[in-house]
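Undergrad: Give me the fold of what follows.
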Amino acid sequence: MTDFASLFDETPRHKVFVSYHHANDEYYKMQFTNLFSTALKTFISNSVEVGDISPTTSTDYIRSRIRDEYIRDASVTIVLIGTDTWKRKHVDWEISGSIRRTQLNSRCGLLGILLPTHPSYGKPTYDGGIVPPRLVMNQQCGFAAVYDWPSSAENLKKWVHDAYLRRTKIDPDNSYPHYKYNKSGERWK
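TA: Numbering: from 1, shown residues only. Predicted coordinates:
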């Protein structure tokens, strides 16, 4: 058995909160969880599904409910990054809630995965102006990492575990102003 294979066997399976653009990227979210969580048992998946939280409730209530009911049991948050993910207020709130330590919740590790639909997919670097700003800032400070869609369960399991380990070693950057509304335009910067 190679060293890498033994690393894979010994790496724990983490509970993961999956954040994504519900209207645009549901197909990829389903592929991602069906393949890597259900079939290959790489992680234990959780996410907010369409209809779970009424959009007519207050912003503060939605943010606390996301954090206290959906992210609470997770140790890592994965952001699936499509073309318009950076525009979504709920994705911003989910990232912010994930990296904030509270009395009820510990901090999650954070990583982003560029979907094949993203303009930066397959390129050596990504265009930070079309990736959620809070994720970009946390990648820049070393708290988060951003990858292309995984080519194997072994890669993904290592990325998740690395994010889990970073969550207690590096302080995240949660200074970006919270989205009040969804964004529009070509880029945030």
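
Undergrad: doesn't Val18 make contact with Lys29?
TA: Yes. Lys29 is within contact range of Val18, at 6.2 Å (criterion: Cβ atoms under 8 Å). Glycine gets a C-beta too; all of them are placed from N, C-alpha and C.

Undergrad: Mind listing the shared neighbours of the two?
TA: 47, 80 (Cβ atoms under 8 Å, 6 or more residues apart in numbering).

Undergrad: residue ranges of the strands in this structure, please?
TA: 15-19, 44-46, 76-81, 109-114, 144-148 (DSSP state E).

Undergrad: what sits up against the first one?
TA: Applying Cβ under 8 Å, 6+ apart, the contact partners of strand 15-19 are 29, 32-33, 37, 43-47, 70-71, 73-80, 90-91, 94-95, 98, 108, 160.

Undergrad: Using neighbour counts, trim the residues you listed to the buried set.
TA: 29, 32-33, 37, 43, 45-47, 70-71, 74-80, 90-91, 94-95, 98, 108, 160 (16 or more other Cβ atoms under 10 Å).

Undergrad: Among those, which ones are in helices?
TA: Mapping the buried ones among the contacts of strand 15-19 onto helices (DSSP state H) picks out 29, 32, 90-91, 94-95, 98, 160.

Undergrad: Among those, list the two that are farthest apart in space.
TA: Greatest spacing in those, by Cβ to Cβ: His90 and Val160 (21.6 Å).

Undergrad: Name the spans of the protein whose pLDDT lies under the cut-off.
TA: The model of the chain has pLDDT under 70 over residues 1-9, 48-52.

Undergrad: tell me the contacts of the nearest residue to Lys29 once chain neighbours are set aside?
TA: Closest residue to Lys29 apart from its sequence neighbours, by Cβ to Cβ, 6 or more residues apart in numbering: Tyr20 at 4.7 Å. Shown in contact with Tyr20 (Cβ under 8 Å, 6+ apart): 26, 28-29, 47, 79-80, 82, 85, 91.

Undergrad: Alright, that wraps it up for me.
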